[in-house]
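J.: Need a 3D model of the sequence below.
(chains A, B and C)
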Amino acid sequence: MATKPKPLQVGGLIAAVIALVVPMLIEIPDLSESGERILGVFLMAVVLWVTEAIPLFATAALIIFLEIVLISDQAIWGLPAGDPTTGYAAFFATLAHPVLMLFLGGFFLAEGANKYSLDRTMAKVLLRPFGSKPASIALGIMLITAVFSMFMSNTATTATMLAVVLPVIATLEPSDRFRAGLVLSVPIAANVGGIGTPVGTPPNAIAVGSLADAGIDISFAKWMGLAVPLMLILLVAAWQVIVRLFPTNQDQLEVAIEGDFDRSPSAWVLYAVFALTVGLWLTEPFHGITSSVVGFIPVVVLLGTGVFGSRDLQAMPWHVLWLVAGGIALGIGVTSSGLDQWIIAQVSWERLAAGVLAGALALTALLMSTVISNSAAANLLIPIGLTLALSPAVDVDPVAAGFFIAVGASLAMALPVSTPPNAIAYSAGTISTRDLAIVGAIVGVIGWLLFVFVGPVLWDLVGLELA
Amino acid sequence: MTDERFVILCAAAESALAGALRSVVDMLTDHQFDVEALFDDEELHQRLDELDEDDIRVPLVLASDRVGEVDGITALAALRHRPSVRGVRTLLVTRRLDEAGDAVGDGAIDAFVPVPWDQQVLEETIDHLITGYLIEEDPAALEQVPEIVDVELLSHAFTRAEERGRSARVQLEAARRGLLAHTELSDDEVEEAMVREIEAILDHPDPQVYPAGTLLLESGQEVDGITIVLDGQINLSLDVEGTETSFHVRTAGRILGILALAHHEPALFTARAVTDVTAIPLTVDQLDDALQRSSTLSGLFMSVLLRSMVRRIRRSVELRIDLDEARQAIAAERDQLALALQQLDQAQSQLIEQEKMALLGQLVAGVAHELNNPIAAILRATDYIEEDITSLTTRHPESQRLTDTLIGALHAEPVSTRTERAQRRELAGALGDDVLAGRLVHAGITTRADVDRLFAGVPEPAKDDLLTSVEAYRRLGTAIRNLRTGGRRIEGLVGSLRSYARRPEDTANDVDVREGLDETLLLLGHRMREITVERRYDPVPMIAARAGELNQVWTNLIVNAIQVMEGPGTLEVVTDVPEPGFVRVQVIDSGPGIPPEDVERIFDLAFTTKQGRVDFGLGLGLRIALDIVTRHHGVIEVDSVPGRTAFSVTLPVGNTTEGGVAE
Amino acid sequence: MSDVFILVVEDEPEVRDAIARDLEPFTAVFRIEVAEDAADAREAMAELRSGGNEVAIVLADHLLPGEHGTDFLIALHQDPDTQAIRKVLITGQAGHEDTIRAINEANLNHYITKPWDAERLQSVVSDELTEWVIENAESVLPYVSVLDGPRLMDTLRNRPWKH
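T.: Numbers count the residues shown, from 1 in each chain, chains lettered A, B, ... in the order given. Here you go, the predicted model:
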């Protein structure tokens, strides 16, 4: 619905135009013409993604368009000779980047799970072993949410799990703090769980995609190897925080989720495809089939068997893919225009220790994501992070840089607006901003410490190579 | 048989009367007698002399009150002394009944007939007199004039013949001429005569006594004689397909076996003595012997035989007729029963309806009574809550504002939603905050000045708290007020219900019809939201009536009016005094009206003006109303044109305990 | 900021107060407007809509002075502008016929008989508002805390990207 533009939006648009134009008008030393142009695009993206003057995906589309008309071989205003140019097809190609195909596979699995209520039924089955003690139920809900969130969108997972949780809290006294705890456990777990796989959340995909463009392939299994152990530790820590901050005097809780596994042929097709796809993703090191290719299997099979029709296809969250594509395109622009070199040249990076830089990138992502979209933050930070990491001057692993930025973006959950799961849970009304801020901040900080400082040690111990 | 001539003389002063008498006598005698009119006493005697010379008998002389120079009685009495007319019967046709009565008592005249005479009485009297004359003076002539013979008199003559020792001639002659066969002597008399004749001929044989239960004659048995029953009762029965059917004792007659004997057939009936029976058994030989010896007996025997046969034939014809009549009677009875059943059905459904209404009335009265206590408790509790809340509020730190709010809410009149919205709009304009304005108006703070007063001296941050408190107190006050309003409404309804649905009344009380109408309108109020009710009550006197029943009349009429209007309309309820001693109630609706052809039928049971719609309400309700009004000696009238139908109930004031006009 | 309204049409002030009070749990998100008859209700709706507000549900008494509640709801249903509004008939004594007519012609979503039970009224209104939100609201999130949370979550789960 077209509504009156808010002041922030109007201001954002004006600022965006200024941010785009100014770097092109003033002469920036040591920066090529195309570098100046992409700097303008970059700054404009910052403004638009922060202010959300236009939708995030629209900004992404605008980025691709501007890059084509400003710095590609199709540039409207010709670039000075010697400036690096990129074929315009490269920018369009970001819309079908392999990592988006991986993500699309995730969408198909998630939509299928939703369509056949696989998620809800699984939640019931998986929740059973956790008994009826409030604390263990909270743990169960968090683990299930996290696992779902690894393969489904954090938002869908949150909605699914809140539908399970809301009837449970309705049985509790209104004064019972555990109501808030249980509601909080869902978005926290969804956010944390998103870290677990490349398809868990868009920042992961942006990181994987950008690394791939830089020639570094991260397999599905490798990402999980890096992320899952730490994610589980963080989840348990978050659980403890919630259980301690939101105690209950109830001994027992009643959890009822109706429904049985769908046994129709279509459902069986879905189950099989689900198992096959996830199985292939986890076993990539053994068969070497790229996860993006595997991700296309559910697309082909589910469409081919008629399990999904055109309506299902239209219902896919394509705009998320566009957003990711916009981030990747921005990265290509930064790299290809030479802007990356210029940025590196501006700071004496040698003074910074390698670990400090990675930690700083994660922290920046965390702080930025707290107020703007995780994906937008990742889109903005990953090109810069990878630029730094790929620079010989800076001693930091590119994989670590991309990974930490993605993780940092996922750890931002201190405000209702930080992530869609937070917004959903907050709307349920039983949690206050303060509850969310406290728990979100604690979990964010623990997560940051865990990944930045414990992570490398752990990876060393198990012999996991980053690159 | 000689053709004797008889002359009957009519003596009367007035020729008209004499002519009239003559015409009567003419008709009566079927011209067997010559009838002559005479107008003078002398003329009478002269004619009598002439007739005597010609040896013509005069059995009867009629006279009116005046015959020539003398009065009727004198003229007739004089005839007693004329030897030539020995035994002549005299009849006076008179207006002077007392004198005539005395004259008959003295034997001066034989009979009188009052003027104006009854034709039949005159005929019978004349028959009687002539028969009496003939029996005494010329029994043989009886045969010539069977039409006029007084049979009863003749029978008497027969039965008394022996005792009186005279008239043997009469018997003999009568029997010889077979008179008995065609006179109308009763069977009993003929049988009696035969019995006596047999007894005489057989020299009084000893009767035998048969104890009760004795079988005198058996069906199907050959009969070898007859049995003459002198005393006791006989039962005749017939065995029909194994069932013994009894016939009336009278059918038996006194001579058993006579028919069977005559036809040489087995007995048809079984005859059994019911009581001890005294009878003379007679063998065929004895009977035969007796018949040989007496021609009188043979005549009598033939007569009895004939009568027995006639009796049997008549009996069979009668039976057939009886059967036919019985069939018709059964059919008629069946029709009557069906009709009665139908009427009973109607009466029953009406009764059930009335009974239901009565029961419902009792139930309602009972429930209304039971509701008294809880509603009283609610209303009292409302008062207590109000007191306590008010007292608690005065202790609140913001007591003044809150008490004002509370009391304001308690006594506020409900505001129309339009007004409230207008106030909100205005206040929103002044404050620039629609939501706040809505809250304030809802809390009873409707103007900018009120708002300023409310928030005077209240620091900004505390304003919201204050408003929340004010809202709560306002709602509290409104809730208490609503509780009270609702409670009072129930109280009023309960009161109305109780007086409306009084227990069944046996006696009439003084009733003001306007009270009943108001109660009815109140109770039916929920059905009349779209209807404009106009009450026009002239002062009317109390009437003696059963209030509960009248309420039912009002209810039925008003419900009917509501139903026919089917939506918005105007209901007029009018009371007035059409004439002294009466009260009239009119219920007038603005409905479509009743078609003229239906007006007659609207009080019929179950009449509806719409086909297929039985719930139209006309019919039973109106019928019950009519019944009640009729019981109160009142009338219901209907006057209907499209758009205006008036039901008028006019009731007599009756015996009220206090007179005067009720206010 | 436009508000979403619950409109109560009832002629008796006491009953109106009581219904409005019973609907207070919804006031965290919705606002309540009252009207005493059908004409008044139309005025109120016109005023609300001209202020950019929306009416999500109308609860109308059957026996209103003038136009019946049933007829009012039917008229609402026939107007494309107001067709989406959820319609609840509150009836003291509406005959079977009236109710059936309302269901058939007004697409009546629910009917409640007087005297009503607050909990039942709230659950009916909650269900109807939930339905309205799912069909009409841009985002279901603001309503989760007041209405049927699990159902709204289901909606969210089925269209997770629209919020």
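J.: count of residues packed around the nearest residue to B:Ser496 once chain neighbours are set aside?
T.: For B:Ser496, ignoring the flanking residues on the chain, the nearest one in space by C-beta to C-beta, 6 or more residues apart in numbering or on different chains is B:Glu519 at 4.6 Å. Heads up, the C-betas are built off the backbone N, CA and C, glycines and all. Neighbours of B:Glu519 under the rule other C-beta atoms under 10 Å in any protein chain shown: 22.
J.: for the one 3 residues further on, same thing?
T.: Applying other C-beta under 10 Å, we find 15 residues neighbouring B:Leu522.
J.: by contact count, what packs against the helix or strand containing it?
T.: In this assignment (DSSP states H and E), B:Leu522 forms part of helix B:513-523. Counting contacts by 3 or more C-beta pairs under 8 Å, 6 or more residues apart in numbering or on different chains; DSSP states H and E, helix B:513-523 packs against helix B:460-500, strand B:531-537, helix B:547-565, strand B:569-576, strand B:582-589.
J.: now those in JSON lines, with mean pLDDT?
T.: Converted to JSON lines, the helices and strands packed on helix B:513-523 look like this (pLDDT from 0 to 100):
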{"stretch": "helix B:460-500", "mean pLDDT": "84"}
{"stretch": "strand B:531-537", "mean pLDDT": "89"}
{"stretch": "helix B:547-565", "mean pLDDT": "84"}
{"stretch": "strand B:569-576", "mean pLDDT": "91"}
{"stretch": "strand B:582-589", "mean pLDDT": "92"}
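J.: For chain A, see how far away the residue nearest the centre of chain B is.
T.: Among the residues of chain B, the one closest to the centroid is B:Ala340, at 12.6 Å (C-alpha atoms, centre = their mean). For B:Ala340, the distance to chain A equals 68 Å [C-beta to the nearest C-beta, to the nearest Å].
J.: quick check, the helix or strand that residue falls within touching chain C?
T.: Taking DSSP H and E as the definition, one finds B:Ala340 inside helix B:295-394. No. Helix B:295-394 lies out of reach of chain C by C-beta under 8 Å from any C-beta of the partner chain, never closer than 12.7 Å.
J.: Show the subsequent helix or strand relative to whatever helix or strand A:Ala58 lives in.
T.: Using DSSP H and E, A:Ala58 sits in helix A:56-71. Next helix or strand after helix A:56-71 toward the C-terminus (DSSP H and E): helix A:88-93.
J.: residues in contact with that following helix?
T.: Identification of contacts with helix A:88-93 by C-beta atoms under 8 Å, 6 or more residues apart in numbering or on different chains yields A:Ile64, A:Glu67, A:Ile68, A:Ser72, A:Asp73, A:Gln74, A:Ala329, A:Ile332, A:Gly333, A:Ser336.
J.: residues contacting A:Ser210?
T.: A:Gly327, A:Ile328, A:Gly331, A:Ile382, A:Pro383, A:Leu386, A:Gly402.
J.: what is the rounded mean pLDDT of the helix holding A:Ala58?
T.: The average pLDDT within helix A:56-71 is 90.
J.: What helices and strands are in contact with that helix?
T.: helix A:33-51, helix A:88-93, helix A:318-337, helix A:374-390.
J.: What is the following helix or strand past the last one packed up against?
T.: Read that as helix A:374-390. Proceeding N to C from helix A:374-390, the next assigned helix or strand is helix A:398-411, under DSSP H and E. Packed against helix A:398-411 by the contact rule (3+ C-beta pairs under 8 Å, 6+ apart) you find helix A:178-193, helix A:202-213, helix A:220-245, helix A:354-371, helix A:374-390, helix A:433-449.
J.: Would you mind giving the ones you listed as CSV with distance to B:Ala103 added?
T.: Output for the helices and strands packed on helix A:398-411, formatted as CSV (distance: least, C-beta to C-beta, whole Å):
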stretch, distance to B:Ala103
helix A:178-193, 133
helix A:202-213, 152
helix A:220-245, 144
helix A:354-371, 152
helix A:374-390, 152
helix A:433-449, 141
